[in-house]
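Visitor: Build me a model from this:
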Amino acid sequence: MTVMLVLLVTVPLAMTLLSLVLPRRVTAGATVVAGIASFGFAVALVPVAEHGTVHAVGYLRADALSVVFVLATAFLYATTSIYSVGYFGEQARETRRAGGGAERQFRRYSMRFYVGFNAFAWSMLCAPLVNGLALLWVAIEITTVVSALLVALDRTDQATEAAWKYVLIASSGLGIALLATIMLYYAGARVLGDSYDLAFDPLLAVAKHLPTVPVQLAFGLAVIGFGTKVGLFPVHTWLPDAHAEAPTPISILLSGALLGTSFYAIIRYYQIAVGTLGPAFPRTILAVFGVLSLLLAALYLFGQRNIKRMLAYSSVEHMGILAIAMSFGAPLALAGLLLHVLGHATAKSTAFMGAGIFVHKYATKELGKMRGALNALPWSAPLFLIAVFALCALPPFGIFRSEFMIVFGGIQSAHGVIAAALVVLVTLAFFGLTLTTTRVLSEPAETAIPRGEPSVWMVIPMVLGLGALLMIGVHPPAELTALLQQGAAELAGSVR
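Guide: Numbering: from 1, shown residues only. Modelled structure (predicted):
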């Protein structure tokens, strides 16, 4: 299985380099192959991670926790690469009709996109698989550099402003996260000596012997620093702009994969903090950030005018749910947290795919100018509506199952007040999201809109995403259930 670990981090990197030299159509097809292969490698790790930790080449490590996040990213890498075929296919036809300089400009644009897209996927696959807090920080820093360039890819004033804002805020956050890494290195050096390398296993093994004050500082700084990339309140302000202005395939990866990958970093600091400090301190911090993030998102979902900004605030909501779930600490809530990572990645990516089709069809991101979508888009409009319902935790989809587990776990762990607040705020977010969505779909258009989908390649991954959501909601595979249970045990510090 060490081969699978190596392939997971080399195949996307190789595809990044090939994107510099291959023609656009070949690059698009090869990226689909690389995405599907990466997902296959991630699935192959599941039965191994159920029973322990896998190491490779000294710098790679996979356990049940990391494999959950790799599965989410690899699935999005595969489905979004398929979506991108249709996304660029329509643009290619338009530029061919224009001819001349437009076609050359499009070739350069698509080359930059695929180089960045594959590099972005590679960096997010590396982050959960590297062995150590220092390497984890480096991997997440790479995601920032690559994704900022992708946000600005369209070179509009709005995209440039969003990318600049993202760089400033995310870099500041990662500077704080670097300070957290240094503080934890200082704490570990008091026990392990100055020459240790911040690998996870030695730190977890001696967590109860680490000095408490540096660990407290490190965890608080990590929540603020990495929380900037997660989109937790009050360091979330880059997120709506970046999601709204990035090309749709990049918005999918930003919301579905990057936020979860950044939350993974907080999880690693949480494991060490609980081992050193006990559960009260880290869980209190996460509960505060989680409730405030959920409250902000639930309120901001009302009255949104931009379809992609609406989905971005929904991402803030779900990151708040993850933080609250971890603050509960009950095994059921932790298993629900890991299932929620998969459910949110799948549902949000499907919703963003539908939003991208809407933007293409109506040539605008403004919700007020989108009407009659059910008639104009016979496939993607109903699929988008179902994805929104799934995001709102309606049965029988995976997010309903995960949120039920989280709430019940909160009640089990005597956090009934926070669990009740979670239910109330999620319900409030449901009304905000569905009221806006149903208006877009059901109200008649003021002018006639041609009926038909832009590309079947943009619809296929939406079907795949909803199929996956239905599967994990109704009857998750036994291997996946075992992986989630093992991951929850690792997160709770009681590995079987």
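
Visitor: contacting residues for the nearest residue to Ile472 once chain neighbours are set aside?
Guide: What sits nearest to Ile472 in space, not counting adjacent residues and going by CB to CB, 6 or more residues apart in numbering, is Gly398, at 3.8 Å. Backbone N, C-alpha and C define where each C-beta goes, glycine included. If a contact means CB atoms under 8 Å, 6 or more residues apart in numbering, then Gly398 has 339, 342-343, 346-347, 390, 468-473, 476 as its contacts.

Visitor: Next, Gly398: phi, psi?
Guide: Dihedral pair for Gly398: phi -60, psi -30, per degrees, to the nearest 10.

Visitor: surely Ser262 meets Lys229?
Guide: Yes: using CB atoms under 8 Å, Ser262 is in contact with Lys229, at 3.6 Å.

Visitor: now the contacts of Gly398: which count as buried?
Guide: Leu339, Leu342, Gly343, Thr346, Ala347, Ala390, Ala468, Leu469, Leu470, Ile472, Gly473, Pro476 (16 or more other CB atoms under 10 Å).

Visitor: want to throw those residues into JSON lines with pLDDT and secondary structure?
Guide: Shown next, in JSON lines, are the buried ones among the contacts of Gly398 (pLDDT from 0 to 100; DSSP: H, G, I helix; E, B strand; the rest coil):
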{"residue": "Leu339", "pLDDT": "97", "secondary structure": "helix"}
{"residue": "Leu342", "pLDDT": "97", "secondary structure": "helix"}
{"residue": "Gly343", "pLDDT": "96", "secondary structure": "helix"}
{"residue": "Thr346", "pLDDT": "96", "secondary structure": "helix"}
{"residue": "Ala347", "pLDDT": "96", "secondary structure": "helix"}
{"residue": "Ala390", "pLDDT": "94", "secondary structure": "helix"}
{"residue": "Ala468", "pLDDT": "96", "secondary structure": "helix"}
{"residue": "Leu469", "pLDDT": "96", "secondary structure": "helix"}
{"residue": "Leu470", "pLDDT": "96", "secondary structure": "helix"}
{"residue": "Ile472", "pLDDT": "95", "secondary structure": "helix"}
{"residue": "Gly473", "pLDDT": "94", "secondary structure": "helix"}
{"residue": "Pro476", "pLDDT": "93", "secondary structure": "coil"}
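
Visitor: Which of these sits closest to Ile285?
Guide: Taking CB to CB as the measure, Ile285 lies nearest Leu339 of these, at 23.1 Å.

Visitor: what residues are up against that closest one?
Guide: Gly398, Arg401, Ser402, Met405, Ile472, Pro476, Leu484.

Visitor: Which of the helices or strands spans the second one?
Guide: Spelled out, that is Arg401. Following DSSP states H and E, one finds Arg401 within helix 398-412.

Visitor: And the worst-scoring helix or strand of the chain on mean pLDDT, what does it pack against?
Guide: When the helices and strands of the chain are scored by mean pLDDT, DSSP states H and E, helix 373-376 comes last with a mean of 84. Helix 373-376 makes packing contacts with helix 331-362, helix 380-391, helix 416-442 when contacts are defined by 3 or more CB pairs under 8 Å, 6 or more residues apart in numbering; DSSP states H and E.

Visitor: Could you tell me the least trusted of these?
Guide: Least confidently modelled of the helices and strands packed on helix 373-376 is helix 416-442, at a mean of 88 by mean pLDDT.

Visitor: So which bits of it are buried?
Guide: For helix 416-442, by 16+ other CB under 10 Å, it's 418-419, 421-422, 425-426, 428-430, 432-434, 436-437, 440-441.

Visitor: report the angle between the axes of that helix and helix 331-362?
Guide: Angle between the axes of helix 416-442 and helix 331-362 is 20 degrees (criterion: axes from the mean of the first three to the mean of the last three CA atoms, to 10 degrees).

Visitor: No further queries at this time; thank you.
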